[in-house]
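K.L.:
Fold the following and give me the result.
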Amino acid sequence: MFSPLAEAQEPTPLQDMNVDQLEDVTDAFQESFFEALKQKGIENYDRAIVALDKCIALRPQESILYFEKGKNEAALGNTQEAENNYLKALQLKPNQRDIMEALYEVYYARQDFDKAIDLVQDLAKFDIKYKEDLARIYVRKGGFKEALSVLDELDEALGKDAYRNQIREQAMALSGGDFKEKMLLDAIAQNPQNEKNYLNLIYIYSEQGKTQQAYATAQKLLKVNPKADEVHLALYKFHLEQNDVARAFQSLERVMKSSKVEAKAKHSVLNDFLIFVDRNPEFEPELEQAIALFSEEEATDVNEELGAYYLKNNDKTKALSYYEAAYKKNPDDVNVLRNLVLLQLQAQQFENAAALSEEALAFYPAQAVFYLVYGVAQNALGKAQNAVGYLEMGIDYVIENPQMQADFYSELARAYETLGNAEKAAVYRKRLTNLTQ
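P.N.:
Below is the predicted model:
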């Protein structure tokens, strides 16, 4: 169960009872009042209630006394008694936000959603964001249409919000596909200017594999609002599936340049295009343009993914440049470091490979690959003594990897031969032979 109010915003702290709020109190009242505060403070809620009853007998028209008694009843789990006292407090002092919030907590704890709905609608007069709770309650009751209507109202008033998107997705997921489609078609008929309904319908059609219906709905939305950037998330996919790359790229550009489309969605589009270009390498120039657009518009880093793409396609020069960029953004990412040092070795950048693998070992002292790269680079630079030290340390970290073990033996044999230690070189040559037989 989600906690009411807390998920939407920080609740206003409830005011504790203060004797200064009351006038002309008797000694007996004051004594009982302070006893109630004392007992509540040490969590003796039953005794606090007894003391408050004495106060109520003396001053039965004080709203705050019933409010305090309600809080103590709620702490004991007596939700009906808590409700009765909060209602009495509200009768004496209507529209008191603290009391209404406390009563709402009681209704939610009992899952009395009908009463909670009425109350949270009143609370929304203090702060419109209480309507986020209203939407969540509608979802719990199965009132998906009402929930979406409230969320649309909030988006219109406050702009889009990740928390509300989560509620919307939950509502759409819990309602059946046919119901969702009919509900959205009805909503579009009633309010053809509401873009969100078109976008939700496009999403449903896409999920169901109804490509043509999704495309037709997107076209209707563009007639309503030709500047509806988010619709190009669907149009991009449609054009790409139809192999109309030119039009797909036009939609991709609209997505990348839009301030309305979230970075996560842009990232997803770029990943889709990356997969497409992997199968159709003739469109690599368009991929480069897409990357440039994404980098220009968003701070999100995709260099590692692009490095992996070019590495897979054996374009090691481009892969190296993207991994270098990824390293600048994430200098302690183990996957970036591993691929970068290996690419540096292949590019014969031995000084860079040695320096970076040594740096990597400061973060990952048990990663055998960094010892190996360091040893290979030092051997290539003619610094066999440096190579031996790291290679002999690193081989202890090789686990169930015969190929890497063979590479270590080969480099150790090479280093000892350079140092003129034929005996040691022979030992490692023999180990290498035994391993590969």
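
K.L.:
Next one: the residue nearest the centre of the chain relative to residue 169, how far apart?
P.N.:
With distances taken as C-alpha atoms, centre = their mean, residue 162 lies nearest the centre of the chain, 8.7 Å away. Noted for residue 162: a distance of 10 Å to residue 169, by C-beta to C-beta, to the nearest Å. For the C-beta atoms, the positions are set from N, CA and C on the backbone; glycine is no exception.

K.L.:
With residue 376 instead?
P.N.:
Residue 376 sits 49 Å away from residue 169, going by C-beta to C-beta.

K.L.:
Pick out whichever of those two has more residues nearby.
P.N.:
A direct count of neighbours by other C-beta atoms under 10 Å for residue 376 and residue 169 places residue 376 higher, at 26 against 12.

K.L.:
ok, the nearest residue to residue 332 once chain neighbours are set aside - how many residues close by?
P.N.:
Once flanking residues are discounted, residue 332 sits nearest to residue 363: 5.0 Å by C-beta to C-beta, 6 or more residues apart in numbering. Neighbours of residue 363 under the rule other C-beta under 10 Å: 13.

K.L.:
Touching, residue 363 and residue 338? I think so.
P.N.:
No. At 11.3 Å, residue 363 does not count as touching residue 338 under the criterion of C-beta atoms under 8 Å.

K.L.:
How about residue 67: what's its closest non-neighbour residue?
P.N.:
Leaving aside its chain neighbours, residue 67 sits nearest to residue 89 (4.2 Å; criterion: C-beta to C-beta, 6+ apart).

K.L.:
Which residues outside the helix or strand hosting that neighbour are in contact with it?
P.N.:
Take DSSP states H and E as the rule and residue 89 turns out to sit in helix 79-92. Identification of contacts with helix 79-92 by C-beta atoms under 8 Å, 6 or more residues apart in numbering yields 61-64, 66-67, 69-71, 73-74, 96, 99-100, 102-103, 106-107, 109-110.

K.L.:
Among these, which ones are in strands?
P.N.:
In this view, the contacts of helix 79-92 have no member that belongs to strands under DSSP state E.

K.L.:
What remains of the residues you listed if I keep only buried residues?
P.N.:
By neighbour count, with 16 or more other C-beta atoms under 10 Å, those hold 62-64, 66-67, 69-71, 73-74, 96, 99-100, 102-103, 106-107, 109 as buried.

K.L.:
Any regions of this structure where pLDDT drops low?
P.N.:
1-25, 176-178, 296-301, 437 (pLDDT under 70).

K.L.:
Got the domain ranges for it?
P.N.:
As assigned by automatic domain parsing, the chain contains the domains 1-126, 176-226.

K.L.:
Report the separation between the residue nearest to residue 332 and residue 356.
P.N.:
11 Å.

K.L.:
shared neighbours, these two?
P.N.:
residue 337.

K.L.:
Identify all contacting residues around stretch 264-277.
P.N.:
233, 236-237, 240, 252, 255-256, 283-284, 286-287, 290-291, 294, 297-298, 300, 302, 305-306, 309.

K.L.:
picking that back up, and the residue nearest to the centre of the chain, how far from residue 263?
P.N.:
On the measure of C-beta to C-beta, residue 162 and residue 263 end up 11 Å apart.

K.L.:
From what I see, residue 307 and residue 319 are in contact.
P.N.:
Yes. Between residue 307 and residue 319 there is a contact under C-beta under 8 Å: 5.0 Å.

K.L.:
does residue 160 sit in a helix, a strand or a coil?
P.N.:
coil (DSSP: H, G, I helix; E, B strand; the rest coil).

K.L.:
quick one, what contacts it?
P.N.:
Counted by C-beta under 8 Å, 6+ apart, residue 160 has contacts residue 262.

K.L.:
same deal with residue 327?
P.N.:
Going by C-beta under 8 Å, 6+ apart, the list of residues near residue 327 reads 333, 336-337, 340, 356.

K.L.:
Just those: which are in helices?
P.N.:
Mapping those onto helices (DSSP state H) picks out 336-337, 340, 356.

K.L.:
Residue 125: how many residues sit nearby?
P.N.:
So residue 125, with other C-beta under 10 Å, has 11 neighbours.

K.L.:
and it, what does it touch?
P.N.:
Neighbours of residue 125 in contact, by C-beta under 8 Å, 6+ apart: none.

K.L.:
For it, give its distance to residue 163.
P.N.:
21 Å.
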